[in-house]
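Trainee: everything below, folded, please.
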Amino acid sequence: MIMLRRRVLFWMIAAVLCTGSLAAQEETLRHEMKVTLQPEQQRLQVFDTITLPEALVSGRGGTVHFLLHGGLSPESMTQGVVLQKNAEKPEPAHFGINNSSFSLDERLDLEHFTITLPQGVRTFTLRYAGVIHHPLQKRGEEYARSFSETPGTISAQGVYLSAATYWYPWFSDDLQTFVLDVTVDPGWDVVSQGKRTLHQITDGKRRVVWDSSEPQDEIYLVAAQFVEYSRSAGAVEAQAFLRTKDDALANKYLEVTAQYLEMYRQLIGPYPYSKFALVENFWETGYGMPSFTLLGPQIIRFPFILHSSYPHEILHNWWGNSVFVDYPTGNWCEGLTAYLADHLIQEQRGAGVKYRRATLQKYTDYVKKDKDFPLSEFRSRHSSVTEAVGYGKTLMLFHMLRQKIGDELFVRGLQQFYRQYRYKRASFSDVASVFSDIAETDLSSFFEQWVQRPGAPELRIATLEAVEKADRWQMTLTLEQIQDGDAFVLDVPVAITLENSDKAFQQIIPMQAKSKTVTLSLPARPLRVDVDPEFDVFRRLHRNEIPPALSQMFGAEQVVLVLPASAENEVLQGYQAIADDWRKSQRGHIEVVHDSELDGLPEDKAVWLFGFENRYLTALQQASSDYDIDFRDEQIRIGKQTLLRQEHSIITTARNPNNADFSIGLLATMNPAAMPGLARKLPHYGKYSYLAFKGDEPENFFKGQWPAVHSPLTRRLADKNGAAAARPGRKALASLAPVFSQERMLRDVTWLASDTLKGRGAASAELERAAGYIADVFRQAGLQPGSDEQTFFQVWQEKYGPQEQTATLKNVVGIIPGTNPKYEGQSVVIGAHYDHLGTGWPDVHSGDEGKIHPGADDNASGVAVLLELARILGKNMQPERTVVFVAFSGEEAGLLGSKYYVKSTQRFPASRCIGMLNLDTVGRLGTRKITIFGTGSASEWVHIFRGAGFVTGIQVESVADDFGSSDQKSFLDAQVPAVQFFSGVHLDYHRPSDTADKIDAAGMVKVAAVVREAVEYLAGREQPMTAQFTGKQAAQQTRPRGGSGRRVSFGSVPDFAF
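Mentor: As a prediction, the model looks like this:
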């Protein structure tokens, strides 16, 4: 989120002088500040040379008012400029604000001053100094994302100052430019907006100068003992300021920064600043400022942040931090940012419909009708209600606008809005004006309805019939809006499934009244009608469009929490502690009772059932009859997942059997140690219908949503169980350029599978050429030679080939050396075999003898991914543990290369390999999931790949078994956890038809992305994985020396996108 200044709550202000266009101002207020920080003493000293705009001075008769943090004792350093403390209570008129609803932050001791300027003088210098320290306070406890806040602080942990601190004189709401020259102890560094023009240590002090020539609505000063990283991203400098050294984390952020800056540059326009910096805060925050973001130490290490909250903060540099918000008229930028970041990322992953349904679900669950408000009154989120309206409704407004005018005009409108209002304030009416001009249609009534009117439409199918006439069918449909009040003007999409057609017939039905009847002529018999099936209309959902979910429990106004009276005392006390926690932190009124005190479940409230022992558990079982769940004495099965009562903490939901308008939920665990974590974590999982956790932490390992059943917006005319016909896919509004190059990988495959290399057969000159090619790429990528002889080749001889002659074989080995001495000799291995069948040996099919077998998928594809990983990781990765890249020879003849590597390598012996990832036959992915064999070899594998899939948005399928068909088997035989990546079977396997033209290069990019996530995790993992073998166990693995350091954790994490 952008930082909404908290010094004066401008959502209370109805009008501001000079609101909107900066063009109306010939100049801006300017600060040139020399600041000395003393964090240990919580003090600062400032010399601030201020230049006031002529309009501000002349408009106030030469006497101007300002506010400043208490205790700073300002004094004028300019002759003739008179500074006086003003005992009057600050009023809006003092600051040129035409509003009587004026409020100051009650946490601050603000002081009111006037300054009188001689005729013609507008530039003067103030000196002030003192202590600023406001401890962190928890704000908005009922809000699932609540963070601690402070209006500002200077401390030994760090410095955070913003306009909300009043650490510099505040004259008005005018935009300003500034130069910030800060001196601090040499171990410290300073971050602010603008361009850094000086960064040096002089006379034993750090001096940093930030120059913001671009107008800003406030001035930030952030300081701590940072480790700085930087990388050029075109014309922009990508930076990371971390509180501890973490090369791998910094490189991830720098890389992702460059990707998103380029995507948004193409979508919207040039990035407005010279840098973008990730800055690690000393408490958990999610702030976005112009040209940097301030994120908490845990937040930046959540793997999902890179492709969720982080791009959201990058995008705020266009919306909110360069096109500023005219807050008195409503905050448009949070919803637009969510639409072009959070929604767009899901749209790119094919999950846009799910995201929009979740958005409408949140609105329906959290925003009761008496709590609703228009977008014109939204300023910032501070509760689930304000988020559901201010983010969700605004997001849907922009989505409906896009559907109304089309993608091309929508993008042009975004670009024009940015060009026209950069470094200016803009309102919803400005947005409407720009898009009306671009679309050449008056959109004012569209915006008026969605911005000024509270509430949402509610839809239902009133009547539906179809009759056959001649060779066509006529279908008559009546739609109704059933909300209270007037009709909304809507464009309602309808999808019709026709007999003998696999594609839906689609129609937009305009509604201006609360009822609309249309008759459609159809080419075939209609079987099924779905109204707004892709959730394109902002509306309040019917309960049957929404799967039961935790959000309905946490969003309810009235909740009954039923404890199991028969539970063991320790378990019952744990449940009571959860109840006490939620009564304090959640928004609804929670009544806590024992099951023995009830004669039946209430019909007008949400109900939590705690405990497997709960006497009302059968009510939940009956209410779950529409879902794939089976309750047994010792276990609960959900879909294919079996959950054990003794081992797992289980949460599931259903509709209240006595009143389907309310939900009923079960929270049950036999582990009291898990209960505090459940109390803390569950509010973050609002969109899920069921979850399972394990351990004391506890760790989520299973979650999902029930299907929505019995929707009133689906009506079947025939074939009562028929599925909806397919609707055409939608192209995402923009695409993120992949880190990995399809073109390079396809070029590698094409060359390796060319006739020139004659199938890369055993002991052939062509196989030798392939080895040289691979070594050259390793060298160019910056890898170091990895063999025991310090070359790129591991060479040996054995009987090999169709004649069983003694032949020379070569593995090609390159490494990225580890940086952590305690992991010396340890490795992560990425492998792919580069040999194939030549003209058939050793696995030729009848009729294919003597023909070249190109081996494009098997395994030029695996080698291509290996080489691309080397190119990318070789430039940027600084792993703690050595990463070994191996192209194996002799795989087709019995895994000869991998067996030799495991048996013979001394520099990085197999006994000290933490894990091996094998790339074999990965070039034909298409729409399938990436299959990963052998995940049962270590208990962590499934969590690693679940986490990698979550971060990348790529679907993976973990298969515990390994079928021993490729080089990972050599490592498994040596008790090394190992897996194989595989894209799927096809009829060209080991045939001359396995050619490069059939390769799916986009699929190889997906494989590379997942492998990279796993490799980076393993390279920094503190402990070996928990190997699971039937023979000699993982005890053979050498554990790293030492044992301290930050724990790296994959696995499922709370879904903050909801």
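
Trainee: can you give me the buried ones in stretch 417-429?
Mentor: For stretch 417-429, the neighbour count (16 or more other Cβ atoms under 10 Å) marks Phe417, Tyr418, Gln420, Tyr421, Arg422, Tyr423, Lys424, Arg425, Ala426, Ser427, Phe428, Ser429 as buried. In this view, the C-beta of every residue, glycine as well, is placed from N, C-alpha and C.

Trainee: before we move on, what SS does the first one have?
Mentor: Looking back up the chat, that one is Phe417. Here Phe417 is helix, with the state taken from DSSP: H, G, I helix; E, B strand; the rest coil.

Trainee: right, and the helix or strand after the helix or strand in which Phe701 is found?
Mentor: Assigned by DSSP states H and E, Phe701 falls within strand 699-704. On the C-terminal side of strand 699-704, the nearest following helix or strand under DSSP H and E is strand 714-716.

Trainee: quick one: whichever helix or strand comes after that following strand to chain centroid distance?
Mentor: Downstream of strand 714-716, the first helix or strand assigned by DSSP H and E is helix 742-752. Put simply, helix 742-752 sits 31 Å off its chain's centre (Cα atoms, centre = their mean, to the nearest Å).

Trainee: ok, stretch 292-311 next?
Mentor: Relative to its chain's centre, stretch 292-311 lies at 8 Å (Cα atoms, centre = their mean).

Trainee: list the buried residues in that stretch.
Mentor: The neighbour-count check on stretch 292-311 (16+ other Cβ under 10 Å) flags 292-297, 299-311 as buried.

Trainee: for that stretch, measure first residue to last.
Mentor: Using Cα to Cα, to the nearest Å, one end of stretch 292-311 lies 12 Å from the other.

Trainee: average model confidence for that stretch?
Mentor: Stretch 292-311 shows a mean pLDDT of 93.

Trainee: what are the ranges of the helices in the stretch 501-650 of the chain?
Mentor: 550-554, 569-585, 617-623 (DSSP state H, counting those that start in this stretch).

Trainee: re earlier: next step: the buried residues of stretch 417-429 restricted to strands.
Mentor: Using DSSP state E, Lys424, Arg425, Ala426 are the members of these that sit in strands.

Trainee: which one of these is nearest to Val492?
Mentor: Closest to Val492 out of those is Ala426 (30.1 Å), distances taken as Cβ to Cβ.

Trainee: any chance of CSV for the ones in strands among the buried residues of stretch 417-429, columns distance to Phe276 and pLDDT?
Mentor: Shown next, in CSV, are those (distance: Cβ to Cβ, whole Å; pLDDT from 0 to 100):
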residue, distance to Phe276, pLDDT
Lys424, 21, 94
Arg425, 22, 95
Ala426, 22, 97
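
Trainee: quick one: low-confidence residue ranges for the stretch 701-850 of the chain.
Mentor: 719-721 (pLDDT under 70).

Trainee: domain parsing for this structure?
Mentor: Domain assignment of the chain by automatic domain parsing yields the ranges 10-225, 324-452, 459-545, 550-704, 742-761+790-1036.

Trainee: Provide a list of residues in contact with Val82.
Mentor: Each residue near Val82 by Cβ atoms under 8 Å, 6 or more residues apart in numbering is listed here: Ser76, Ile115, Thr116.

Trainee: once you drop chain neighbours, what's closest to the last one?
Mentor: The spatially closest residue to Thr116, leaving aside those adjacent along the chain, is Val82, at 4.4 Å (Cβ to Cβ, 6 or more residues apart in numbering).

Trainee: pLDDT value on the one you found, please?
Mentor: 97.

Trainee: same check, this time on Met12
Mentor: Predicted confidence (pLDDT) for Met12: 29.

Trainee: likewise Phe417?
Mentor: Phe417 carries a pLDDT value of 99.

Trainee: wait, isn't it in contact with Val434?
Mentor: Yes. Using Cβ atoms under 8 Å, Phe417 is in contact with Val434, at 4.5 Å.

Trainee: number of residues surrounding Gln348?
Mentor: Counted by other Cβ atoms under 10 Å, the residues lying close to Gln348 total 18.

Trainee: can you name the next helix or strand after the strand or helix carrying Ile314?
Mentor: Counting by DSSP H and E, the element that carries Ile314 is helix 309-315. Reading on from helix 309-315 to the C-terminus, the next helix or strand found by DSSP H and E is strand 323-325.

Trainee: which strands or helices does the helix or strand bottoming out on mean pLDDT in the chain pack on?
Mentor: Sorting the helices and strands of the chain by mean pLDDT, DSSP states H and E puts strand 137-138 at the bottom, at a mean of 81. Using 3 or more Cβ pairs under 8 Å, 6 or more residues apart in numbering; DSSP states H and E, the elements in contact with strand 137-138 are strand 148-149.

Trainee: so what touches whichever helix or strand comes after the strand it packs on?
Mentor: For strand 148-149, the following helix or strand on the C-terminal side (DSSP H and E) is strand 152-154. The contact list for strand 152-154 (Cβ under 8 Å, 6+ apart) reads 37-39, 42-44, 69, 131-136, 159-162, 164-165, 167.
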